[in-house]
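J.: 3D, please:
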Amino acid sequence: MKHSYRVAINAEHCKACGLCIEFCPQDVLGFASTRNDAGFYPAEVQDQANCIGCLRCAMMCPDACIEIWRLVSADDRAVAAESVTR
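T.: Okay, the predicted model is just below:
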């Protein structure tokens with residue numbers, strides 16, 4: 001079963017070092033076309049559907065600006081409920 005993930009980037013704290021972009025194996029991230037309040041072009045999600053949830057971007061971010069969330073589907077909840085009742 002393939003899971004879906006959501007990448008959340010705190011653009012205001014990003015200093016645009018590019019480490020997250022460089023280490024993403026799926027090319028999910030890129031630089032924004034607009035500056036943040038600090039004057040940097042922060043990282044942004046450009047291809048959310050390609051995220052495999054590997055967490056490399058979050059681990060490489062020196063400012064902890066990235067969070068990865070696994071999206072739970074109705075199928076996942078049904079499997080979890082079934083395993084609890086056994």
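
J.: need the helices for the protein, in chain order.
T.: Applying DSSP state H to the chain gives helices spanning 19-23, 56-60, 74-85.

J.: wait, what's in contact with the residue lying closest to residue 34 once chain neighbours are set aside?
T.: Among residues not flanking residue 34 along the chain, residue 41 sits closest, at 7.3 Å (Cβ to Cβ, 6 or more residues apart in numbering). Any C-beta I mention is one placed from the backbone N, CA and C, and that applies to glycine too. By Cβ atoms under 8 Å, 6 or more residues apart in numbering, the residues touching residue 41 are 16, 31, 32, 33, 34, 35.

J.: mind checking how far the nearest residue to the second one once chain neighbours are set aside is from residue 24?
T.: With sequence-adjacent residues excluded and distances taken as Cβ to Cβ, 6+ apart, residue 31 is closest to residue 41, at 4.7 Å. Relative to residue 24, residue 41 is positioned 16 Å away (Cβ to Cβ, to the nearest Å).

J.: Next: residue 34.
T.: Taking Cβ to Cβ as the measure, residue 34 falls 20 Å from residue 24.

J.: Name the residue in the two with the higher neighbour count.
T.: residue 24 (22 against 9; other Cβ atoms under 10 Å).

J.: Just the buried ones from the contacts of residue 41?
T.: Buried by 16 or more other Cβ atoms under 10 Å: 16, 32, out of the contacts of residue 41.

J.: circling back to that earlier point, model confidence score at the residue nearest to residue 34, please.
T.: Here, the pLDDT recorded for residue 41 equals 98.

J.: Next: residue 86.
T.: In the predicted model, residue 86 carries a pLDDT score of 49.

J.: Surely residue 29 is in contact with residue 42?
T.: No. Between residue 29 and residue 42 there is no contact under Cβ atoms under 8 Å: 10.1 Å.
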